[in-house]
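Undergrad: no sequence on this one, just coordinates:
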């Protein structure tokens, strides 16, 4: 008889035990799968905004096009399907989680090929459609991968899994950020202006870069999860797959669910809103592809990895809520450094210092926040509940970020970065209140 392991709320008592969590097979698998999860994000948001700005697309349009990322904010709508519905033949071969992972990875690769072949300087629509395909497929991969991660280890290991995931995720962001810029710069050579052929090569290489994740899915075990009770009719299936995961969350937290959901909805708002205009800001400040690649996409991501590692270890040692508060303070405060950078102008050394502080803060906040979200889920509905929670993390910030380009056009970069720092203040109050709501083992 298969034993279903329920996550334990036990805490790690020594530094050695906390560090040992990173050497478990589940953590190492999450490193590679985190790479597959991190690759598409910049290619439809951050790096794409650099490409669009270089192609002559105005800042307001770039801001509105960031709403493609709202796919990550509404993924809870199809999360019950990913959680419960099998894919013909594929689920029988790979299992519930791995089949959806492989299916979404194939769709991501196909969408990236479409983005490579379409020129935004000639016709923007087809590229946007392909970007939407990548975003939806990427959000679907996140649903399946989050469930896979939650079901692969106990609660006391979730911070380490989150940090491993973030490490792979950020390594992919180096490749999807710096790598794509380096490839485009190399392919373009000394030719001035926007070069579609250069970006085409870069995006085709990114499509091929989904292969390691596919191979890892094929070579990984299907996690042990709660068996599904066959539904007798469509109404019963809808009840168990779509309504029960949400009802379970409300039953466990009652009125406190409103506080938890409010915190989740705004925790990353400072970073997300600011991030949409970061690449247009670099272009307008005169930074080259190679400078942006080296500083923000390599050195900056290394600092994020360091932050994720520190956040994972500190969360395991001192508790998630304390590090959640630390991450909230650092994330809001670091945005003010961009105000200073906007006054300095094109200075690579200044960019290094700003990126160092901002990405270190982001890594700490991300590791603690993912561990916090994981602690809120019931393993019986891990995919649906985590998708709901992580979707709420992005829905409001992505919506607000859509107006970021228009704000910059009206008030300038300095006022924009200051406003994003102020957005972080309510988060501090919500973290303090939510710290009284403890995760309940299920």
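TA: Perfect, I can see it now. A quick note: this is a predicted structure, and the numbers were derived from the prediction, not measured.
Undergrad: From residue 340, how far off is residue 352?
TA: Applying Cβ to Cβ, to the nearest Å, the value for residue 352 to residue 340 is 13 Å. (Each C-beta comes from the backbone N, C-alpha and C, glycine too.)
Undergrad: So which of these two has more stuff around it?
TA: residue 352 (16 against 13; other Cβ atoms under 10 Å).
Undergrad: what secondary structure does that one sit in?
TA: helix (DSSP: H, G, I helix; E, B strand; the rest coil).
Undergrad: ok, now which ones touch it?
TA: 295, 299 (Cβ atoms under 8 Å, 6 or more residues apart in numbering).
Undergrad: Repeat that for residue 272.
TA: Taking Cβ under 8 Å, 6+ apart, we find residue 272 in contact with 394, 397, 398, 401.
Undergrad: Give me the lowest-pLDDT entry from these.
TA: Ranked by pLDDT, the contacts of residue 272 bottom out at residue 394 (77).
Undergrad: check contacts around that residue.
TA: So residue 394 contacts 69, 70, 72, 73, 268, 272 (Cβ under 8 Å, 6+ apart).
Undergrad: neighbour-wise, which of those leads?
TA: Neighbour count (other Cβ under 10 Å) singles out residue 69 as the most crowded of these, with 27 neighbours.
Undergrad: What does that residue show for phi and psi?
TA: Here is the backbone geometry of residue 69 (degrees, to the nearest 10): phi -70, psi -10.
Undergrad: do the same with residue 56
TA: The phi/psi pair for residue 56 (degrees, to the nearest 10) reads phi 90, psi 10.
Undergrad: if I read this right, residue 150 contacts residue 376, doesn't it?
TA: No - the criterion here is Cβ atoms under 8 Å, and residue 150 misses it with residue 376 at 10.3 Å.
Undergrad: just for the protein, where's the confidence low?
TA: The model of the chain has pLDDT under 70 over residues 1-23, 153-159, 225-235, 237-242, 379-383, 437-442.
Undergrad: where exactly do the strands run in it?
TA: Along the chain, no segments are classed as strands by DSSP state E.
Undergrad: picking up where we left off before, mind checking which of residue 150 and residue 376 has more residues around it?
TA: A count of neighbours by other Cβ under 10 Å puts residue 150 above the other of residue 150 and residue 376, at 24 against 21.
Undergrad: distance of the more buried one from residue 102?
TA: Relative to residue 102, residue 150 is positioned 19 Å away (Cβ to Cβ).
Undergrad: Pull up the gap between the residue lying closest to residue 287 once chain neighbours are set aside and residue 90, please.
TA: Once flanking residues are discounted, residue 287 sits nearest to residue 346: 6.3 Å by Cβ to Cβ, 6 or more residues apart in numbering. Distance of residue 346 to residue 90, given as Cβ to Cβ: 50 Å.
Undergrad: Check the contact between residue 408 and residue 277; I expect there is one.
TA: Yes - under the criterion of Cβ under 8 Å, residue 408 makes contact with residue 277 at 5.7 Å.
Undergrad: coming back round to it: which ones among the contacts of residue 272 lie within helices?
TA: Judged by DSSP state H, helices contain the following of the contacts of residue 272: 394, 397, 398, 401.
Undergrad: which of those residues lies closest to residue 262?
TA: Using Cβ to Cβ, residue 397 comes nearest to residue 262 of these, at 13.4 Å.
Undergrad: ok, the closest one to residue 251 distance?
TA: Between residue 397 and residue 251 the computed distance is 28 Å (Cβ to Cβ).
Undergrad: Give me the more crowded residue out of these two.
TA: Comparing residue 397 with residue 251 by other Cβ under 10 Å, the one with more neighbours is residue 397, at 25 against 11.
Undergrad: OK, contacts around that one?
TA: Residue 397 touches 266, 268, 269, 271, 272, 273, counting by Cβ under 8 Å, 6+ apart.
Undergrad: burial measure for residue 428, as a count.
TA: 13.
Undergrad: again, but for residue 189
TA: When counting by other Cβ under 10 Å, one arrives at 8 neighbours for residue 189.
Undergrad: Could you number the chain from 6 rather than 1 from now on?
TA: Yes, from this point I'll number from 6; that puts the last item at residue 194.
Undergrad: That one: what's it in contact with?
TA: Counting by Cβ under 8 Å, 6+ apart, residue 194 touches no other residue.
Undergrad: Give me the phi and psi for it.
TA: Per degrees, to the nearest 10, the backbone of residue 194 is at phi 70, psi -130.
Undergrad: for residue 417, same thing?
TA: phi 90, psi 170.
Undergrad: what's the distance between it and residue 292?
TA: Taking Cβ to Cβ, one finds residue 417 at 18 Å from residue 292.
Undergrad: Between these two, which is the more surrounded one?
TA: residue 292 (22 against 11).
Undergrad: State whether the more buried one and residue 359 are indeed in contact, as I suppose.
TA: No - the criterion here is Cβ under 8 Å, and residue 292 misses it with residue 359 at 11.9 Å.
Undergrad: Need the overlap of contacts for the two.
TA: Counting by Cβ under 8 Å, 6+ apart, residue 292 and residue 359 have no common neighbour.
Undergrad: check contacts around the closest residue to residue 360 other than its chain neighbours.
TA: Counting by Cβ to Cβ, 6+ apart, residue 360 lies nearest to residue 305, which is 4.0 Å off, once chain neighbours are set aside. Residue 305 makes contact with 360, 361, 363, 364, according to Cβ under 8 Å, 6+ apart.
Undergrad: Go through these and name the one nearest residue 172.
TA: Taking Cβ to Cβ as the measure, residue 172 lies nearest residue 364 of the contacts of residue 305, at 13.2 Å.
Undergrad: returning to that earlier point: contacting residues around the residue nearest to residue 292?
TA: If you count contacts by Cβ under 8 Å, 6+ apart, residue 351 has them with 290, 291, 292.
Undergrad: could I get those residues as a markdown table with distance to residue 332?
TA: Supplementary listing: the contacts of residue 351 in a markdown table, determined by distance: Cβ to Cβ, whole Å:
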| residue | distance to residue 332 |
| --- | --- |
| 290 | 27 |
| 291 | 32 |
| 292 | 27 |
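Undergrad: follow-up on the earlier one: neighbour count winner among residue 413 and residue 282?
TA: More neighbours surround residue 282 than the other of residue 413 and residue 282, with 26 against 23 (other Cβ under 10 Å).
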